[in-house]
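Enquirer: task: produce atomic coordinates for the following.
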Amino acid sequence: MEDFSTRVFDWVKKIPAGAVSTYGEIAALAGSPGAARVVGNLMKQNRDPSVPCHRVICSDGKLDGYNGNLGKKEELLKGEGVKIFGRKVIQK
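Expert: Take a look at the predicted model:
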C-alpha cells in the first residue's frame, strides 16, 4: 500500500498547468482530509521538479510556502495563466 506522501505527490502531479488545488483538497484526495498541514510540509520538502508544488495554495486562495520564494511561485502560476492579485489566486 502506498504511503500518504506518495499519494500526495501523485495527486499534485495530476494538477494541470493553469490550475491550482489547496493543501486541504490534496490531503482529502490522498485519504486524510484533516492533513492539510502535512501536505504543506511535504510540499516544503519536495525537491522533485516533476511535482508541481507551486500549484498548491491555501484554502483562502493565498499563495504560501515555496520555501519562502513566493515571488517565484507567483511568477510560475502567472506564466501558466493563473490570475493572481495581491498574492492571492482570484480564479480557481
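
Enquirer: looks like Tyr66 contacts Lys73 (just checking).
Expert: Yes: counting by C-beta atoms under 8 Å, Tyr66 touches Lys73, with 3.8 Å between them. (C-beta placed from N, C-alpha, C; glycine too.)

Enquirer: so who does Asp3 touch?
Expert: By C-beta atoms under 8 Å, 6 or more residues apart in numbering, Asp3 lies in contact with nothing.

Enquirer: ignore the last one, Phe4
Expert: 30-32, 35, 38.

Enquirer: for His54, same thing?
Expert: Contacts of His54 by C-beta under 8 Å, 6+ apart are 66, 72-73, 76-77.

Enquirer: hmm, back to that, more neighbours: which of Tyr66 and Lys73?
Expert: Lys73 (22 against 19; other C-beta atoms under 10 Å).

Enquirer: so where's this protein shaky on pLDDT?
Expert: Counting by pLDDT under 70, the ranges of the chain that qualify are 1, 92.

Enquirer: what about the helices in it?
Expert: Assignment of helices within the chain using DSSP state H yields the ranges 4-13, 23-29, 36-45, 70-79.

Enquirer: can I get the CA coordinates of the first one in PDB?
Expert: What follows is the C-alpha trace of helix 4-13 in PDB, where atoms were taken according to Å, rounded to 0.1, in the frame of the first residue of the first chain:
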ATOM      1  CA  PHE A   4       0.500   9.200   2.400                       C
ATOM      2  CA  SER A   5       3.400  11.100   1.000                       C
ATOM      3  CA  THR A   6       3.400   9.100  -2.200                       C
ATOM      4  CA  ARG A   7      -0.300   9.600  -2.700                       C
ATOM      5  CA  VAL A   8       0.100  13.300  -2.100                       C
ATOM      6  CA  PHE A   9       2.900  13.600  -4.700                       C
ATOM      7  CA  ASP A  10       0.800  11.500  -7.100                       C
ATOM      8  CA  TRP A  11      -2.200  13.800  -6.800                       C
ATOM      9  CA  VAL A  12      -0.100  17.000  -7.100                       C
ATOM     10  CA  LYS A  13       1.400  15.700 -10.300                       C
END
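
Enquirer: noted, bye for now.
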